[in-house]
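> Pasting the sequence and the predicted model now:
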Amino acid sequence: MLRNLLEDRVALLCLAVIGVTVLAGLFAPYVAPHDPLAGNILYKFKTMSWNYPLGTDQQGRCVLSRLIYGIQPTILLSLVTMAATITLGAAYGLVSGSAGGLVDEGLMRFCDVMLSFPSQVMILAVVGMLGVGMENVIIANILIKWAFYARMIRGSVLGYRNRNYVVFSRTTGSGSWFILSRHMLPAVLPEIVVLASLDTGWVILNISTLSFLGLGVQAPAPEWGAMLNEARQVIVAHPGQMLAPGLAVLTLVAAFNMLGDSLRDALEIKGSGR
Amino acid sequence: MRWKRRFCAALIGMALCCGAGSAQAAQAKAADRELVLANYRDIRNLNPHLYSGEIFAQNLIFESLVINTEKGVEPWLAEGWTVSDDGKAYTFFLRKDVLFSDGEKFDAKAAKLNFDAILANGERHTWLEMIKLMDKVEAVDDHTLRITLKEPYYPFLIEIGVTRPFRFISPKSMKDGSTKDGVTSYVGTGPYVLADNKVDQVATFTANDKYWGKKPAVKTLKARVIPDNQARLLALKKGEIDLIYGTNLLDAETMRQMETSKEFGTALSKPLSTRNILINSSRPNLGDKRVRQALQHLTDRKAVSEGIFNGIESPADFVLAPTVPYCNVGLTPYAFSHAKADALLDAAGWKQPAPGKPREKDGKPLALELYYNSNSVTEKDISEYLQAEFLKSGVQLNLHGEEEQAYRDRMKAGDFDIVHNISWGTPYDPQSFIGAMVRTVYGDYKAQLGLPDKQKIDETIRAILVSTDPAKRQEMFTWLLTTLHDEAVYLPLTYQRNRAVFTKDLKNVTFNPSQFEIPLEKMAF
């Protein structure tokens, strides 16, 4: 499986892009040329130079440094969100799929209720109720998205439930926890990974969107969506300001999406329902 | 070949015809071309005796007895006036040729009805000390109106001339002779009438054919609602609108770009008022004068002027410029100095645990809530600049942008640590600006409540407004301005200038003395 992936150049490129970005984000203080919050108002809207590789923004702050520091809230929080969502969804799906019967029926109907809400609108509503801020954006994302994963994973669990080795394990008296953790989880794990990597792009976009709308990361903290919003305020006078954060989001989301596709091919998941 | 030549001739002929036609059309077009301006919100309630309408729209429809010009107070609906020797009685001689746009006559009776309606709603006009001093309004004859005050009030004529509340609406529009519960229509004597308003979209004004004065060149005016700054500019570039006008609607970068453009013109007024930050002395962290003074020392007004306004607005050292009457009182500006600020904050007991971290006292951080008007195109930039600058000395600012009405309500409620503010500008400064400090009008009253001298401040302001001796008045102004400066409640930033960007075809884009008005009636294509 890994070999398949390593032969795929696109996947390698995507992995490289994501890897470099995450590393840059983790070591932002060492990589960034300037303090992302320190500006010199007299040097606002400067174009590229050796000192400011991507120019400066409306407060005279280094755009490159802000972009690098912006990785942390953008990607790392997206990864956290994704991990939490998928853990919750997987647990729910596993329990529901293995239990079957009335329990399954009940759990899935609840899932249906959650899925019937349009997700963007619900996220806005939840953030509206909880208040503006990054934690609330993450909570809202998890609350809204987990049901989708629960349903997907329950679907694949159903496919494995009546496999011979599972039936055998059950007849020899293995406990349900044992079956869940030793048989079911490893079987559906590849699918979980693909789902996660495919949707990380979506989460990044979503967090950036909310920050763009002013609901997520608050000024002056650097975040790509928030930077785009600041650039939007001067789109007529300085259209170039949109380029850096816009391209950064584009590249990263594309990398995650293409990596997800490659992973799916590499794992040869059939009929995964997407 | 012949058919070719003929064809060419025909083509040229057609082109000529078209050309001639379009030249004629262009002339006709200039005459009845409508002027479209962009505003960030609806014109709302235009009742001239209340304060919730857009001033530029109220000015188009309603007029006052006198007007404030560069040269001072001049006659308008009143041809002239006399003042009694004791300064208490003003007699106005009204024009005889004025009609409301619904055909009603404007005479002393109609004027008295309007004054009665305003006085019946006295609580709403708290900013006007004058309302409390008004004794009686009489129609002496058809065209003579006498207003008697309980005490002489020196800014009387100026305040009678500002946009609201002393403008005249047709008695037919009143509800049982009153306006405080709303009016049935917006009918005045002004150069334009309101033809139609699609709420939150566009308001249409047409020239008033019964107008007594010089008829405006532009027959139809449209005020389109475009809340977003960039959308407004794009609309201007595409030719959907002709004019953007106002202190808060145009940022310095746009002005710089438009100045060099061939298709658009720009205009800048003289400095009209003072952009400042109001510091709430009744808040726990800001009760200490030293903290407020430290904030003054932390503000680099030159950087704000150069960096944010590209030098369009000059740095302000005082909340009322020395050029304002009675305000040249020889104060020392607060110099920009982190060292001075640090010393003051240390003395006040706020210690900084580490560089870049907020100062602390009794385990609590020195964090201040700053509110700004998110409809303004520059307040956010100023706020972010101050946030970075203040944190260097360990003062943390948390920024909150709010839509204009919410922001104003918050000021009135006093629910802020610091907030963006403006002085009222000519012709309101200094009298109306200080008059509004003795009661809740904007944030001033609540912000000053923490001052030990608040009571004396209020008494002095009241005494100033009814003083008759200019020398005594100056003495009181000197004490008042010195105290306010020393207590550091107002943090002046720049002297604000009004500005406009418009299509090159538009002529006569000028400024009134008041920053809130737009002289649309003077503009022409």
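Arrived safely, thanks for sending. Because the structure is predicted, anything quoted here is derived from the model rather than measured.

> Around chain A, pick out the residues from the stretch 101-250 of chain B.
Within the stretch 101-250 of chain B, the positions near chain A by Cβ under 8 Å from any Cβ of the partner chain are B:Asn229, B:Gln230, B:Leu233, B:Leu234, B:Lys237. Where you see a C-beta, it was placed from the backbone N, CA and C, and this is true even at glycine.

> mind listing the strands for the stretch 251-400 of chain B?
B:264-279, B:360-361, B:364-365, B:367-373, B:396-402 (DSSP state E, counting those that start in this stretch).

> likewise the stretch 101-250 of chain B?
Secondary structure of the stretch 101-250 of chain B (DSSP E, counting those that start in this stretch): strands at B:134-141, B:144-149, B:192-198, B:202-207, B:220-225, B:243-245.

> mind showing which ranges of chain B have poor pLDDT?
Where chain B drops to pLDDT under 70, the residues are B:1-31.

> do that again at 80, thanks
Applying pLDDT under 80 to chain B flags the ranges B:1-32, B:126.

> Next to chain A in this structure, residues from it, please.
B:229-230, B:233-234, B:237, B:251, B:253-254, B:256-257, B:303-304, B:306-308, B:377, B:380-381, B:384-385, B:387-388, B:391, B:399.

> If any of these are buried, put those into a PyMOL selection.
To isolate the buried subset of the residues of chain B next to chain A in PyMOL, counting by 16 or more other Cβ atoms under 10 Å in any protein chain shown, use the following:
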select buried, chain B and resi 229+230+233+251+253+254+257+303+304+306+307+308+377+380+381+384+385+387+388+391+399
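
> Return the subset of the residues of chain B next to chain A lying in helices.
When the residues of chain B next to chain A are checked against helices (DSSP state H), the matches are B:229-230, B:233-234, B:237, B:253-254, B:256-257, B:303, B:380-381, B:384-385, B:387-388, B:391.

> Closest to A:Ala83 out of the residues of the stretch 101-250 of chain B next to chain A?
Among these, B:Gln230 lies closest to A:Ala83 (Cβ to Cβ), at 37.4 Å.

> quick one: contacts for the residue in the stretch 51-200 of chain A that chain B sits nearest to?
Proximity of the stretch 51-200 of chain A to chain B (Cβ to the nearest Cβ) peaks at A:Gln59, 5.5 Å away. A:Gln59 is in contact with A:Gly39, A:Ile41, A:Lys44, A:Pro220, B:Asp381, B:Glu384, B:Tyr385, B:Ala388, counting by Cβ atoms under 8 Å, 6 or more residues apart in numbering or on different chains.

> which pair in those residues spans the largest distance?
Maximum distance among the contacts of A:Gln59 (Cβ to Cβ): 14.1 Å, for A:Lys44 and A:Pro220.

> which ones are touching B:Tyr385?
By Cβ under 8 Å, 6+ apart, the neighbours of B:Tyr385 are A:Gly39, A:Ile41, A:Gln59, B:Ala303, B:Val304, B:Gly307, B:Ile308.

> Got the phi and psi for whatever residue of the stretch 1-150 of chain A ends up closest to chain B?
Going by Cβ to the nearest Cβ, chain B is nearest to A:Ile41 of the stretch 1-150 of chain A, at 2.9 Å. The phi and psi values for A:Ile41, taken as degrees, to the nearest 10, are phi -60, psi -20.

> Could you report the neighbour count for it?
A:Ile41 sits with 22 neighbouring residues when counted by other Cβ atoms under 10 Å in any protein chain shown.

> do B:Ser514 as well
21.

> Touching, it and B:Val162? I think so.
Yes: the criterion here is Cβ atoms under 8 Å, and B:Ser514 meets it with B:Val162 at 6.8 Å.

> Now do the shared contacts for those two.
With Cβ under 8 Å, 6+ apart as the test, B:Ser514 and B:Val162 both reach B:Asn68, B:Pro427, B:Tyr428.

> between these, which is nearest chain A?
Among the shared contacts of B:Ser514 and B:Val162, and counting by Cβ to the nearest Cβ, the member closest to chain A is B:Tyr428, at 30.4 Å.

> so is the closest one in a helix, a strand, or just coil?
Secondary structure, DSSP: H, G, I helix; E, B strand; the rest coil: B:Tyr428 is coil.

> OK, contacts around it?
B:Tyr428 touches B:Ile158, B:Val162, B:Ser514, counting by Cβ under 8 Å, 6+ apart.
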